[in-house]
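Participant: When you get a sec, could you give me coordinates for this:
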Amino acid sequence: MTNPDPRATFVSLLQAEIEQQQLTPVIREYKTGEIIFAEGSLGDGIYAVLEGRVHISAYVSQTSSHSLGEFAPGEFFGEMSTINVAPRSATAAALQDSRLLFVSRDQVMELMERCPKLVFALLHAFSNRIRETNAHFVHQMLEAERLSMIGRFVRSIVHDLKNPLSVILLAGDAAASSNASPMLREQAKKRMHQQVDRLSRMLNELLRVSEGSTQHSVEPVNFAAFIAEIIEETREELESKKVRVELQSAVPDLVFPLNARRLNRVFYNLFGNAADIMPDGGVITIRFQNTGGEIITEIEDSGPGFPPDIVQKLFTPFFTHGKATGTGLGLSICKNIIEDHGGRIWPVAEAGRGAIFRFTLPIES
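Facilitator: Down below sits the predicted model:
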């Protein structure tokens, strides 16, 4: 059996009590669009909808209002400011030609004193209304957060695409120059191909993240040759930001299973983050350690480092620290790539040192 609507129960009890007390009901009629009461006006009574439909809204700025809901026959509104003797917190207007029962504040109080059931019905209806408002508010908050995340995701894509597009533009200008030698044109062509391939890898990785894909293929790769290629591909871009890369230990000359097209994204992201955090230039130091079962790579910049209290948050999507344009998506992508390789990645915060990231890659598949 369906429980009766507490709002309709309250209205029915209110009408019955008015009739029992032999009070003359006050019926007010409003044309479509007519204001019943305005936000900020004196709360002088409760309205029950007998016919038609009423819209409630409140101003969120001087020029913009927000819809709070609609009321149909059998429902009531206006009770808040009546109970606490405060100005109206919203504006009520007729959505259709409407007939409303109006009960003044004094009459409401008198009727509730005479009929305790009326008090309980009002409390029940009021409780339901709060629940509905909370549910509506939570839904709006989740929707706003979803839209915010989409916005941050788009900004992240735009931010990441800027660097390779800039390299392509510069290489294109160099190749198109009337003074360009055949060798310079060939170098520019190579750089443009590298950056187009980089853009393709970036977009594919973003699609993987957005779709939650776990597909991952590997093939034997010479790690030393892979690192040499990464350093060469990023050299010009980093030099334009007065950043240089230094190898502080020999790169393990080993062949083991990797997805090179994805793994280079880790280096691009970590190098890019380091360059962003060092606007006046600096050094990126790379160290390697072969433990026999895995390769540990350490990347450290000469920037200010990060406070220990944010270490646990660094791989949270959209969390940023110290960058005006960053969105935090890059590190979560790095974590996804390293873990898909069967490795681990973590930050290290040490006093007097820059930002340090270490990650492992298993030598055996």
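
Participant: residue contacts, Gln15?
Facilitator: Pro25, Ala48, Leu101 (C-beta atoms under 8 Å, 6 or more residues apart in numbering). From N, CA and C alone the C-beta is placed, and that goes for glycine too.

Participant: typo on my end, it should be Arg287
Facilitator: So Arg287 contacts Gln248, Ser249, Thr297, Glu298, Glu300 (C-beta under 8 Å, 6+ apart).

Participant: rerun that using 7 Å as the cut-off
Facilitator: Contacts for Arg287 (C-beta atoms under 7 Å, 6 or more residues apart in numbering) come out as Gln248, Ser249, Glu298.

Participant: out of everything not next to it in sequence, what's closest to the last one?
Facilitator: Leaving aside its sequence neighbours, Glu298 sits nearest to Arg287 (C-beta to C-beta, 6 or more residues apart in numbering; 4.3 Å).

Participant: before we move on, what SS does the one you found have?
Facilitator: strand (DSSP: H, G, I helix; E, B strand; the rest coil).

Participant: quick one: contacts for Ala58?
Facilitator: Glu39, Ser65, His66, Leu68, Ser89, Ala90, Thr91.

Participant: thought the fourth one was touching Ile56?
Facilitator: Think Leu68. Yes. Here Leu68 reaches Ile56: they are 4.5 Å apart, a contact under C-beta atoms under 7 Å.

Participant: Now the common contact residues for these two.
Facilitator: Ala90.

Participant: okay, these two: which has more neighbours?
Facilitator: Ile56 (20 against 16; other C-beta atoms under 10 Å).

Participant: re earlier: with Gly52 as the reference, measure out to the residue nearest to Glu298.
Facilitator: 76 Å (C-beta to C-beta, to the nearest Å).

Participant: Equivalent analysis for Gly343, please.
Facilitator: For Gly343 relative to Gly52 (C-beta to C-beta), the value is 66 Å.

Participant: where along the stretch 151-300 of the chain do the helices fall?
Facilitator: 182-211, 223-239, 260-277 (DSSP state H, counting those that start in this stretch).

Participant: among the ones you listed, which is the most enclosed?
Facilitator: Counting by mean count of other C-beta atoms under 10 Å, helix 260-277 has the highest mean neighbour count of these, with a mean of 21.

Participant: Counting by contacts, list what it packs against.
Facilitator: helix 182-211, helix 223-239, strand 294-301, helix 329-340 (3 or more C-beta pairs under 7 Å, 6 or more residues apart in numbering; DSSP states H and E).

Participant: Of all those, which one comes closest to Arg358?
Facilitator: Counting by C-beta to C-beta, Arg358 lies closest to strand 294-301 out of the helices and strands packed on helix 260-277; the figure is 4.8 Å.
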